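Undergrad: Make a model of this:
(2 chains)
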2 protein chains.
Amino acid sequence: MNYDVVGLGVCTMDLLMVVDELPGGELVQRAHDSALAGGGPVATALVTLARLGARTAMLDLVGGDLIGRMIVAELDAAGVDTSAMAIDAGSTSSQAAVLVRKRDGARAITFAPGTSGELPPGQLNEEMIRAAKILHLNGRHWQACLRAAQIAREAGVVVSFDGGSHRYRAEHLELLPLVDVCIVAEEYAASCTGASAPERGAEALLRYGPKVVAVTSGTRGSHVVSADGESFHQPACPVDRVVDTTGAGDAYHGGFLFGLARGLSLKESARYASAVGALNTRALGGRAALPALSQLDEFLDHRG
Amino acid sequence: MNYDVVGLGVCTMDLLMVVDELPGGELVQRAHDSALAGGGPVATALVTLARLGARTAMLDLVGGDLIGRMIVAELDAAGVDTSAMAIDAGSTSSQAAVLVRKRDGARAITFAPGTSGELPPGQLNEEMIRAAKILHLNGRHWQACLRAAQIAREAGVVVSFDGGSHRYRAEHLELLPLVDVCIVAEEYAASCTGASAPERGAEALLRYGPKVVAVTSGTRGSHVVSADGESFHQPACPVDRVVDTTGAGDAYHGGFLFGLARGLSLKESARYASAVGALNTRALGGRAALPALSQLDEFLDHRG
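TA: Next up, the predicted model:
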């Protein structure tokens, strides 16, 4: 079996609740809406890809607790291959409580990392990585992440990196030369390169080795540059009513990689990314409003 | 099969997180500890009883979602009979996010009731109710609750009622004459009877029909009175280190009913109740620190 995208990262289970107030003190309040949903940047990007019709597989180490079993079951149900997920029977899995304030979407996130720890590099399914078009990473399971990127690089598999807002660490400088597609939040670009303007951050990141860099700025869109000299701004897609921005960035990654895996141009891939990210804000939870390909194409046709 | 206690109420699944601050605004914070745990006053009382060795069964209507399946699986694992639980495939189950502030145990509870609604009285397993020594209710599934109490009363089954702090409703005056054992929080007693002192509230509640009334006041203990003229104060048991008071009151109910089902005196039952409630505060989650009977007896022997 070949895969469009194999991902390595940390899966979580999130309990999301839409509330009137983020509680500053003791209180009992009724939520307007709630959802228990799988999360984690790489996993949500894979679910985005699977929903669009791509073949994906997830690599992670989860606990053998109820949360871990739910994480695997939800990925299975989404069509993501979980046959190479490692399970540590005696440990707990990552979980988060996300309170979303109804009036403005402000979020208070409390997370508990679980005790399952890092995936040992020796437990990586190397065959699966070599059988992929793209390997998607975000720096979690650090030693396994480096090893996976090396395996992919040697096998000619495209290496994709997701740099989240507060996720920059100096050790990433060791990974970036192995990365082909580097899509990071503007805070990440600023921390990594020292350039505060996203377009400058994108140009600076290119010099670390990636062939394609995108720097995302939420509703202000994204700046995309390539080693081939392409450079453009991709506007964010407006949506009528934003319910919850959880997972919007992860879905952007999924949409972008879907375009690249299908052999589309950078501009077309960025347009897909932007549309998928926007569509994913229409429902509570990081994965509830991900579009099928037909819905994505319809949305883009409608927008012209 | 005969049951010591059959319960009718609403089961929930709670995500508990121990945090430094209850979030008054947007933030991302790491929890010191977390637990996903079943909740709901009646269900936790039954789990308390099952842990002590009693035969119990739960009646509720849950959704067919992941949460609903987890609720049933967790009760099964605790040894509570779930064979008469009703499941509505197309609806969602009750869930709550509970943030517990580490320094003082203050709790911010956000709950989402689910869409499964009330259990129709026609779906009650009447045979199961008639096969019980005690029927335990808290007023949820109101029409089914009234019907269950009538069935129990006709069959000579003891009817037990849990009145939670903010749960008093005027319609409960229709239920109280059918209740034999009425154990309520002091706020409930005050709302129902107008008597602000717990001992006066207990006496006033006796006049509605119950044979035994206890009014609980947290760490200030409980006042127990009976139609036979017993009246005493049961002190709360001190514990060295309170981690989380979630479920302490529910466990008090379980301990009290365990004593009554075993034919113990009111004083012995109240002592069990107080000890079980206290022991249950030693771990995060409403059910994680419930004692087995041997542990309970050892704790009480040690205290003398």
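
Undergrad: can you pull the contacts of the residue of the stretch 1-150 of chain A found nearest chain B?
TA: Relative to chain B, the nearest point of the stretch 1-150 of chain A is A:G24 (3.0 Å; Cβ to the nearest Cβ). In short, each C-beta sits where N, CA and C put it, glycine included. Residues touching A:G24, when contacts are defined by Cβ atoms under 8 Å, 6 or more residues apart in numbering or on different chains, comprise B:L22, B:P23, B:G24, B:G25.

Undergrad: redo that, cut-off 7 Å
TA: Residues touching A:G24, when contacts are defined by Cβ atoms under 7 Å, 6 or more residues apart in numbering or on different chains, comprise B:L22, B:G24.

Undergrad: how close does it get to B:L27?
TA: Using Cβ to Cβ, to the nearest Å, A:G24 is found at 11 Å from B:L27.

Undergrad: Over to A:T245?
TA: Using Cβ to Cβ, we find A:T245 at a distance of 15 Å from B:L27.

Undergrad: Kindly report the same for A:H223.
TA: According to Cβ to Cβ, A:H223 and B:L27 sit 28 Å apart.

Undergrad: Give me the neighbour count for A:R30.
TA: Look at A:R30: counted by other Cβ atoms under 10 Å in any protein chain shown, it has 14 neighbours.

Undergrad: Could you find the closest non-adjacent residue to it?
TA: On the basis of Cβ to Cβ, 6 or more residues apart in numbering or on different chains, the spatially nearest residue to A:R30 that is not a chain neighbour turns out to be B:F111, at 6.0 Å.

Undergrad: who's that neighbour bridged to?
TA: A:R30, B:A96 (DSSP bridges).

Undergrad: how far out from the middle of the chain is the helix or strand where A:S294 lies?
TA: Assigned by DSSP states H and E, A:S294 belongs to helix A:293-303. Average the C-alpha atoms of helix A:293-303, do the same for its chain, and the two points are 21 Å apart (Cα atoms, centre = their mean, to the nearest Å).

Undergrad: Same check on stretch A:74-94?
TA: For stretch A:74-94 - counting by Cα atoms, centre = their mean - the centre lies 17 Å from the chain centre.

Undergrad: Quick one: mean pLDDT over it.
TA: Per-residue confidence for stretch A:74-94 averages out to 94 on the pLDDT scale.

Undergrad: okay, now A:R220: neighbour count?
TA: The local packing count at A:R220 equals 12, with neighbours defined by other Cβ under 10 Å.

Undergrad: swap that for A:R207, please
TA: A total of 11 residues lie near A:R207 under the criterion other Cβ under 10 Å.

Undergrad: cool, A:E230 as well?
TA: Counted with other Cβ under 10 Å, the neighbours of A:E230 add up to 12.

Undergrad: again, but for the one 3 residues further on
TA: As a burial measure, A:H233 scores 13 neighbours (other Cβ under 10 Å).

Undergrad: The one 4 residues further on too?
TA: Other residues near A:C237 come to 19 when the count uses other Cβ under 10 Å.

Undergrad: ok, which stretches of the stretch 1-150 of chain A are helices?
TA: Applying DSSP state H, counting those that start in this stretch to the stretch 1-150 of chain A gives helices spanning A:41-52, A:66-78, A:126-130, A:142-155.

Undergrad: now the strands for the stretch 51-200 of chain A?
TA: Along the stretch 51-200 of chain A, the segments classed as strands by DSSP state E, counting those that start in this stretch run A:56-59, A:61-63, A:86-88, A:94-101, A:107-112, A:132-137, A:158-163, A:181-185.

Undergrad: and what of the stretch 201-304 of chain A?
TA: Defined through DSSP E, counting those that start in this stretch, the strands belonging to the stretch 201-304 of chain A, from first to last, are A:212-216, A:222-226, A:231-234.

Undergrad: who does the second one pair up with?
TA: Think strand A:222-226. Partners of strand A:222-226 in the sheet, by DSSP bridges, are strand A:212-216 (antiparallel), strand A:231-234 (antiparallel).

Undergrad: what's the burial count for the closest residue in space to A:I129 that isn't next to it in sequence?
TA: Of all residues not flanking A:I129 in the chain, A:I151 sits nearest, at 5.0 Å (Cβ to Cβ, 6+ apart). Using other Cβ under 10 Å, A:I151 has 19 neighbouring residues.

Undergrad: and the gap between A:I151 and B:I151?
TA: Spatial separation of A:I151 from B:I151 under the definition Cβ to Cβ is 66 Å.

Undergrad: Could you do A:L178 as well?
TA: 70 Å.

Undergrad: ok, now A:N138?
TA: As for A:N138, its distance to B:I151 is 57 Å (criterion: Cβ to Cβ).

Undergrad: A:G249 now?
TA: Taking Cβ to Cβ as the criterion, A:G249 is separated from B:I151 by 55 Å.

Undergrad: ok so, going back, how much does the helix holding A:S294 deviate in direction from helix A:41-52?
TA: If you take axes from the mean of the first three to the mean of the last three Cα atoms, to 10 degrees, helix A:293-303 sits at 90 degrees to helix A:41-52.

Undergrad: Burial-wise, tell me which of the strands paired with strand A:222-226 comes out on top.
TA: Among those, ranked by average contacts under mean count of other Cβ atoms under 10 Å in any protein chain shown, first place goes to strand A:212-216 (a mean of 28).

Undergrad: what about stretch A:2-11, distance to the chain center?
TA: 10 Å.

Undergrad: hmm, that stretch touching chain B?
TA: No: contact check for stretch A:2-11 against chain B, using Cβ under 7 Å from any Cβ of the partner chain: none in range, with a minimum separation of 13.5 Å.

Undergrad: quick one: terminal-to-terminal distance for that stretch?
TA: Across stretch A:2-11, the straight-line distance between its terminal residues is 22 Å, by Cα to Cα, to the nearest Å.

Undergrad: What residues of it count as buried?
TA: Judged by neighbour count using 16 or more other Cβ atoms under 10 Å in any protein chain shown, the buried positions of stretch A:2-11 are A:Y3, A:D4, A:V5, A:V6, A:G7, A:L8, A:G9, A:V10, A:C11.

Undergrad: cool, and stretch A:94-111?
TA: A:94-101, A:107-111.

Undergrad: likewise stretch A:114-127?
TA: Buried, per 16+ other Cβ under 10 Å, within stretch A:114-127: A:G114, A:S116, A:L119, A:P121, A:L124, A:N125.

Undergrad: ditto for stretch A:263-271
TA: A:L266, A:S269, A:A270, A:R271.

Undergrad: Then stretch A:29-45?
TA: Of the residues in stretch A:29-45, those buried by neighbour count under the rule 16+ other Cβ under 10 Å are A:31, A:33-45.

Undergrad: quick one: A:P177 from chain B, how far?
TA: Between A:P177 and chain B the computed distance is 30 Å (Cβ to the nearest Cβ, to the nearest Å).

Undergrad: what pLDDT does that residue get?
TA: Looking at A:P177, its pLDDT stands at 97.

Undergrad: Quick check, it in contact with A:Y208.
TA: Yes: when contacts are counted by Cβ atoms under 7 Å, A:P177 is listed as touching A:Y208 (6.3 Å).

Undergrad: and the helix holding A:S294, what does it pack onto?
TA: Packing partners of helix A:293-303 (3 or more Cβ pairs under 7 Å, 6 or more residues apart in numbering or on different chains; DSSP states H and E): helix A:266-279.

Undergrad: okay, the angle between the helix it packs on and helix A:293-303?
TA: Computed with the same axes, to 10 degrees, the direction of helix A:266-279 lies at 100 degrees from that of helix A:293-303.
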